[in-house]
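# generate a structure from the sequence data that follows.
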Amino acid sequence: MRTIPIKYLTLLMLFLSLFFTSISYAGCDNPAGAGVDWKGCVKIGVYLKDKDLSGADLSGANLRQANFEGANLSNANLSEAVLLGSNLQGANLEGANIKGAYLTKSLVAGIKLDGAVLDGTYWINGQKCLEKSIGKCRL
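Numbers count the residues shown, from 1 in each chain. Just a heads-up that it's a prediction; the model follows:
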């Protein structure tokens with residue numbers, strides 16, 4: 001089976017995220033906080049250090065180069081979110097849905113992933129997490 005080089009996959013993801021930047025939803029202007037609905041929103045480079053985003057819906061959001069250092073994202077929905085090059089150091093993602101998200105080139109030192117679902121997530125090295133990746137990315 002032929003594999004696609006990581007650099008081409010990353011370029012494809014960047015292109016797709018730029019293509020969909022015109023999509024906007026009503027909740028995109030809501031302030032960051034627990035339970036916020038930023039589904040499909042574009043928040044490139046947003047600064048959310050130490051914020052409480054527990055239970056937030058960030059599915060499909062473009063969060064490239066965002067700073068989530070020390071943020072509480074427990075039980076948040078990050079499925080299909082684009083987090084390329086984001087800072088997630090020390091963030092709490094316990095119980096979060098991260099299925100199919102893009103974490104390539106993100107910083108993840110000290111991240112808490114207990115109970116987080118990472119099936120199909122593109123990990124920091126660009127490799128895809130296997131099915132049944134719960135609490136850690138199984139490559």
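# what about the helices in this protein?
Taking DSSP state H, the helices of the chain run over residues 6-19.
# quick one: low-confidence parts of it?
1-26 (pLDDT under 70).
# who touches the closest residue to Gln127 other than its chain neighbours in this structure?
Counting by Cβ to Cβ, 6 or more residues apart in numbering, the nearest residue to Gln127 once its immediate chain neighbours are dropped is Leu139, at 5.1 Å. (Each C-beta comes from the backbone N, C-alpha and C, glycine too.) Shown in contact with Leu139 (Cβ atoms under 8 Å, 6 or more residues apart in numbering): 123, 127-130.
# drop anything exposed from the residues you listed.
Taking 16 or more other Cβ atoms under 10 Å as the criterion, what is buried in the contacts of Leu139 is 123, 128-129.
# test my guess that Asn30 contacts Val36.
Yes: in terms of Cβ atoms under 8 Å, Asn30 counts as a neighbour of Val36; the distance is 5.4 Å.
# higher neighbour count, these two?
Val36 (21 against 14; other Cβ atoms under 10 Å).
# ok, and the closest non-adjacent residue to that one?
Per Cβ to Cβ, 6+ apart, closest to Val36 is Ala56, 4.7 Å.
# tell me the contacts of that neighbour?
Ala56 is in contact with 33-38, 73, 76-77, counting by Cβ under 8 Å, 6+ apart.
# and Trp132, how many neighbours?
Quick fix: residue 132 reads Lys, not Trp. Number of residues near Lys132 (other Cβ under 10 Å) recorded here: 9.
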